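Enquirer: I need the structure of the sequence given here:
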Amino acid sequence: MTLSSRHYIVLGLLAFLLALPGRLSLPPLDRDEPRYMQATAQMLATGNFLDIRFQDQPRYHQPAGIYWLEAGAVKITEFITHDTTLRHHTWPYRLPSLVASILSTLLTAWIGARLFGPKTGLLAAGFLLVTPLFAAESRMATIDSVLLLDILCLQALLLRHFEDARAHIKTPCGYSILYWCALGMGLMLKGPIVLIPSFGTLLALCLATRTLTLWRHLRPAWGWIISALIVLPWCISIAFVSHGEFFRRAVGHNLLGKITSGQEAHGFPPGYYLLLVSLACWPCALYALRALPTLWQKRKEPELLFLLCWIIPHWLFFECLATKLPHYVLPTYPAIAILTAASLLNWPCTPLRTLWAKIGVGIYATLWLSIGLLLSAAVPLLLYAMEGHFFTDSFIPLYGSLPLLIATGWFIYQQKWREGAFCSLGAALLSEMGLFLCLIPHLTSIQLSPRIAHSFEQLRPCQESPLLSPSYKEPSLIFLTGGATRILPTIAAAQALHEDAHCALALIDQRDEAEFLHALKQQGESAILYDQFEGLNYSNGRKMHLRLYAAHE
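Expert: Coordinates of the predicted model:
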C-alpha cells in the first residue's frame, strides 16, 4: 500500500495552513533575510538580474538562483494583485520558502512511504512539520528551505536509482536526467555546497555496498553536462561582469573561509549540532536517540543503509567545519524523521541492556521534557522578559500543550513510545502556533525597523528623502525604507543632513547624539526632533534610544 493522491492533498493543505501563521506579522529578520529581500528588490528596480548587490555593495555569497525565485514571486504577486507597492512588503519574498516547505513535507512523506510504508511516511512528515528549525526556516526569505527541497529531490531520485541497482533493473533515462537537472539547480542555489549531501550519500552508498553499480546507473558519462549547461552560462557571465571577484569572494572567502575559521562569531567546536539537536529537532530528537539500538541492529538493511548514508557524511562534514550555523544540518532532518518514524511504527523497541544506558536515556528524557516545557511557556516568558507584561492570549499555548506534555512524560515512563510521540507532536504544534499567533504580534520592543520605517514614510519631507543612519545599521531598515537608508559615520551624517537640509532626515542613537549635534552646529545648522523610538536591537543585544531629526530651517 502507498500514499494516495488524497493523502498528499490533505498533507499539503495541512503544511500550508501550519506555515501561514507569522508570515505576514513577522518583520524582516536581521541580518540575513532583509539582505536577500533588498538585493532582490534592487534586481527588480534596476533590471539587472546578473550582478547581485545590496545597495552599492556586491553580494557575492552564492549564485543568483534564490534571488531569481524571489523576484519571480514578487512579479507574480504584483501581476495578480495589480499592486506595485508589494515590492516593499515581506510576504511576497517568502513565497518560495512557503512552497518549498510544503513540497519538502510531501517528499519526506513519499520517501518514508516508499521505504517503510504509508504510515511511516505520514508520521515522518509530521515530525518534520513541527521541528522548530524547519518551522523557522520555512517562514524566512532565505535560501535554506528551497535548498532543502532541492536536496530532497536529489535524494528521492537517488533512491529510485538505488532500488533499481539492487533489483538489477536499468533505471529509465528520464530519472537520470532529472537527477542531474536537480544537481544543476542546486549549484545555482548554493554552489558546491549541494555536492556534500548529493555526492556524499552516493559515495557512502558505493563504499558500503562495495560496488559502483549505483554510480553507473546515474549515467555520469553525460549527466554532468546537463548540470554544467544549467550553471555555466551564469557562472561565465558573472565572472566577466565582476572580473572574477564573485569567485574570489564566494569560493575563496565565503566557502573556503568557513572551512578553516569561524566567520562572523559563528565558530564552534565539533559536537555543536549534537548539542543543538534537542532543541532544533524537538520532539523527534528523543525518539531518534531511543531508536539507536534498533537502528544499529538493522544497519545493514538497504532501507536503513540509504538513510544512514544520507545523514552521516553530511553531519560529519558540518561538525568538522569551523563555521557552524543551525541550518547547515537541516537537510539531514527529513532522513532522521523517517528513521525515527520507522522505529516507532515498524519495529519492536529494543530494550536497554545496561543500567548506564537506562540512566542516560532517563536523564536525556528529563532534559528533553524540560525543553518542551520551555517551548510551551515561551510566549508568556518572552512577553514578560521583553515587554514587561502579559496578554490574555499569551497563556493559550501553555494551557493547551501542558496536558499533552504531562501525558507524554507518563507514556515515556510506561515505555509507550508511540503514544508519547503522538502527544509530543500535538504539544509541539500548539507551541509553534502560539509563538507566531500569540507572541510575535505583541513584540513591539524588538520591532524597531518597522516602527522607524512607518514613521519615516509619514514624516519625510520629499518623496526621495534619504534616511541617514549612523547609529542603527540593520538591513531590515534598509529594506523597509525601500533602500532610502544610508549608513554613514556620525560626522558624515551631519554633513549630509546639512547638504540636503530640505529633504534628508537623520536617525541618531542617544550615544551618538552629542557628537552629531556638535558636528551639525559646526555646519551652521540646528536640528529639530521629529520622532523618537526605544527598543532592543536583537541582532547585537543593545538597547537603543533613537531620535529622528531634520535640519531646522
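Enquirer: list the residues that contact the nearest residue to I440 once chain neighbours are set aside.
Expert: Distances taken as CB to CB, 6 or more residues apart in numbering place S25 nearest to I440, at 5.2 Å, with adjacent residues excluded. In this view, the C-beta of every residue, glycine as well, is placed from N, C-alpha and C. Counting by CB atoms under 8 Å, 6 or more residues apart in numbering, S25 makes contact with 436, 440-441.
Enquirer: could you list the low-pLDDT ranges of this structure?
Expert: Applying pLDDT under 70 to the chain picks out residues 1, 252-254, 256-267, 553.
Enquirer: report the contact partners of the residue most central in space within it.
Expert: For the chain, the residue nearest the mean C-alpha position is E137 (2.7 Å; CA atoms, centre = their mean). Neighbour list for E137: 97, 101, 144-145, 148, 327, 330 [criterion: CB under 8 Å, 6+ apart].
Enquirer: hey, where'd the strands end up in the stretch 451-553 of the chain?
Expert: Taking DSSP state E, counting those that start in this stretch, the strands of the stretch 451-553 of the chain run over residues 467-468, 485-486, 505-509, 526-537, 542-552.
Enquirer: re earlier: let's have the contacts of S25 in a markdown table, adding secondary structure and distance to G524.
Expert: What follows is those, written out as a markdown table (DSSP: H, G, I helix; E, B strand; the rest coil; distance: CB to CB, whole Å):
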| residue | secondary structure | distance to G524 |
| --- | --- | --- |
| F436 | helix | 50 |
| I440 | helix | 45 |
| P441 | helix | 46 |
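Enquirer: list the contacts of stretch 526-539.
Expert: Applying CB under 8 Å, 6+ apart, the set of residues contacting stretch 526-539 is 30-31, 386, 444-448, 451-452, 455, 459, 472, 474, 497, 505-506, 516-517, 520, 542-552.
Enquirer: please parse the protein into its domains.
Expert: Domains of the chain are assigned by automatic domain parsing as 5-343, 355-442, 448-552.
Enquirer: tabulate those domains (JSON lines), appending distance to C349.
Expert: Listed next are the domains of the chain as JSON lines, based on distance: least, CB to CB, whole Å:
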{"stretch": "domain 5-343", "distance to C349": "7"}
{"stretch": "domain 355-442", "distance to C349": "6"}
{"stretch": "domain 448-552", "distance to C349": "42"}
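Enquirer: just to revisit the earlier point, nearest to A407, of the strands of the stretch 451-553 of the chain?
Expert: strand 526-537 (36.6 Å; CB to CB).
Enquirer: what pairs with the closest one, parallel or antiparallel?
Expert: strand 542-552 (antiparallel) (DSSP bridges).
Enquirer: enumerate the positions of the strand it pairs with that are buried.
Expert: 544, 546-551 (16 or more other CB atoms under 10 Å).
Enquirer: centre of the chain to stretch 402-422, how far?
Expert: Here stretch 402-422 is found 29 Å from its chain centre; the criterion is CA atoms, centre = their mean, to the nearest Å.
Enquirer: for that stretch, buried residues please.
Expert: So, applying 16+ other CB under 10 Å, buried residues of stretch 402-422: 402, 404-405, 407-409, 411-412, 417, 420-422.
Enquirer: before we move on, back to that, ok, now how distant is the residue nearest to I440 from H327?
Expert: S25 is 22 Å from H327, where distance means CB to CB, to the nearest Å.
Enquirer: could you do G22 as well?
Expert: 17 Å.
Enquirer: for K298, same thing?
Expert: 30 Å.
Enquirer: equivalent analysis for A407, please.
Expert: 31 Å.
Enquirer: ok, L203 next?
Expert: For L203, the distance to H327 equals 23 Å [CB to CB].
Enquirer: more crowded one of the two?
Expert: H327 (19 against 14; other CB atoms under 10 Å).
Enquirer: quick one: contacts for the closest residue to that one other than its chain neighbours?
Expert: Among residues not flanking H327 along the chain, D144 sits closest, at 4.7 Å (CB to CB, 6+ apart). D144 makes contacts with 97, 137, 327, 330, as judged by CB under 8 Å, 6+ apart.
Enquirer: can you put those in JSON lines and add distance to G72 and secondary structure?
Expert: Shown next, in JSON lines, are the contacts of D144 (distance: CB to CB, whole Å; DSSP: H, G, I helix; E, B strand; the rest coil):
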{"residue": "S97", "distance to G72": "13", "secondary structure": "helix"}
{"residue": "E137", "distance to G72": "20", "secondary structure": "helix"}
{"residue": "H327", "distance to G72": "23", "secondary structure": "helix"}
{"residue": "L330", "distance to G72": "23", "secondary structure": "helix"}
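Enquirer: of the residues you listed, closest to L128?
Expert: For the contacts of D144, the nearest to L128 is L330 (9.9 Å; CB to CB).
Enquirer: please, which helix or strand holds the residue lying closest to L183 once chain neighbours are set aside?
Expert: Counting by CB to CB, 6+ apart, L183 lies nearest to S227, which is 4.7 Å off, once chain neighbours are set aside. Using DSSP states H and E, S227 sits in helix 220-241.
Enquirer: helices or strands up against that helix?
Expert: helix 173-190, helix 245-247 (3 or more CB pairs under 8 Å, 6 or more residues apart in numbering; DSSP states H and E).
Enquirer: so the longest one versus helix 220-241, what angle?
Expert: Going back to what we said before, that points to helix 173-190. 30 degrees (axes from the mean of the first three to the mean of the last three CA atoms, to 10 degrees).
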